[in-house]
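*Asks:* generate coordinates for the sequence data below:
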Amino acid sequence: MNIQLKFIFILFLTIILVENSQAQITVPATSPSATLSQKIGLSDVKIIYSRPSARGRQIMGDLVPYGKIWRTGANEATKVSFSEEVTIEGKQLAAGEYGLFTIPEQDEWTVIFSNNTQLWGNQGYNDQDDAIRFKVKAHKNPNFVETFTINVADVTTAGAIFEIMWENTIVKFNVTSDVDSKVMAQIDRFSANPEASLANMYFQAATYYYVGMVGFPNFSCKFYGIYRSFRKISRA
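*Replies:* Got it, this is the predicted structure:
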């Protein structure tokens with residue numbers, strides 16, 4: 001009898017566990033994930049992060065304490081990837097994926113790009129994994145930001161500004177890409193062998209010099225050379 005009771009009891013527990021595993025409710029995340037993609041110069045930039053909301057809480061100096069490492073978001077640590085090398089606040093950063101951490105203070109933040117992208121929050125963070133770190137000013141945002149936001153603003157052909165915003169705090173830092181040297185190298189290759197180049201390549205080169213204004217003397221000489229090569233091909 002005892003064996004039969006044990007068997008029935010185990011069978012009953014198994015049925016309950018199976019039913020519980022199948023009966024799951026899908027609910028919205030309190031800190032939903034977000035992905036931001038942006039071209040900066042020639043580099044593809046991707047930011048993956050979670051966006052918590054204030055919901056009436058005091059954020060800076062309380063929920064996000066001053067002087068302590070922060071995941072810069074919620075859930076998993078924020079990740080930022082660059083397809084090409086960039087310069088951030090004067091520091092070179094190789095192409096790759098990085099964890100974005102910060103140390104907020106009332107007037108100044110430390111921004112960290114870490115080689116470790118596998119952390120949950122800041123648990124296990126080690127400064128030996130830092131690729132670069134730098135300090136930037138924290139500014140008071142006149143517009144209250146309810147939901148934590150990372151934005152890429154003021155995008156040019158060679159750079160942009162990263163913005164980290166929450167509550168009434170905004171932090172900004174510059175990200176630039178060495179576009180000119182890479183484009184110039186392409187133009188030099190085409191100029192050296194004009195017969196093998198297409199007319200639209202000369203037009204692109206001239207447009208780049210004009211829009212980018214890569215130094216007027218250099219622009220004038222290069223454009224004249226491009227123009228002569230184009231005229232030579234068009235008359236052939």
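
*Asks:* please identify the helix or strand for Thr35.
*Replies:* Here Thr35, judged by DSSP states H and E, is contained in strand 33-40.

*Asks:* how far off centre is that strand?
*Replies:* How far strand 33-40 lies from its chain's middle: 6 Å, per Cα atoms, centre = their mean, to the nearest Å.

*Asks:* just checking: what are the partner strands of that strand?
*Replies:* Sheet pairing here is set by DSSP bridges, and for strand 33-40 it gives strand 43-50 (antiparallel).

*Asks:* return the helix or strand in this structure with minimum mean pLDDT.
*Replies:* helix 216-235 (a mean of 50; mean pLDDT, DSSP states H and E).

*Asks:* and this protein, what are its domains?
*Replies:* Using automatic domain parsing, the domain ranges for the chain come out as 33-176, 179-235.

*Asks:* quick one, which of those domains is nearest to Ile25?
*Replies:* The closest approach between Ile25 and any of the domains of the chain, judged by Cβ to Cβ, belongs to domain 33-176 at 19.0 Å. Where you see a C-beta, it was placed from the backbone N, CA and C, and this is true even at glycine.

*Asks:* what's the first-to-last distance across that closest one?
*Replies:* From the first residue to the last, domain 33-176 extends over 26 Å; the measure is Cα to Cα, to the nearest Å.

*Asks:* cool, and stretch 112-129?
*Replies:* Per Cα to Cα, stretch 112-129 runs 10 Å from first to last residue.

*Asks:* same question, stretch 50-63
*Replies:* From the first residue to the last, stretch 50-63 extends over 15 Å; the measure is Cα to Cα.

*Asks:* ok, residues contacting that stretch?
*Replies:* Contacts made with stretch 50-63 from outside it, assessed by Cβ atoms under 8 Å, 6 or more residues apart in numbering, are listed as 29-34, 66, 73-76, 78, 104, 106, 146-149, 166-169.

*Asks:* buried residues in that stretch?
*Replies:* Residues Ser50, Arg51, Pro52, Ser53, Ile59, Met60 are the ones in stretch 50-63 that count as buried (16 or more other Cβ atoms under 10 Å).

*Asks:* do stretch 98-106 as well
*Replies:* Tyr98, Gly99, Leu100, Phe101, Thr102, Ile103, Pro104.

*Asks:* now do stretch 34-50
*Replies:* Residues Ala34, Gln38, Ile40, Gly41, Leu42, Ser43, Val45, Ile47, Ile48, Tyr49, Ser50 are the ones in stretch 34-50 that count as buried (16+ other Cβ under 10 Å).

*Asks:* quick one: mean pLDDT for stretch 36-43?
*Replies:* Stretch 36-43 shows an average pLDDT of 93 in the prediction.

*Asks:* no no, stretch 184-204
*Replies:* Here stretch 184-204 scores 67 as its mean pLDDT.

*Asks:* next: stretch 47-55.
*Replies:* For stretch 47-55, the mean pLDDT works out to 97.

*Asks:* from the buried residues of stretch 34-50, which two are the most distant?
*Replies:* Taking Cβ to Cβ, no two of these sit farther apart than Leu42 and Ser50, at 28.8 Å.

*Asks:* tell me which residues touch the residue nearest to Glu89 when sequence neighbours are not counted, please.
*Replies:* Beyond its immediate neighbours in the sequence, the residue positioned closest to Glu89 (Cβ to Cβ, 6 or more residues apart in numbering) is Phe134, lying 4.5 Å away. Phe134 sits next to Ile88, Glu89, Gly90, Lys91, Thr110, Val111, Phe173 when contact means Cβ under 8 Å, 6+ apart.

*Asks:* so which of these is the most crowded?
*Replies:* The member of the contacts of Phe134 that has the most neighbours, counting by other Cβ atoms under 10 Å, is Val111 with 21 neighbours.

*Asks:* okay then, goodbye and thanks.
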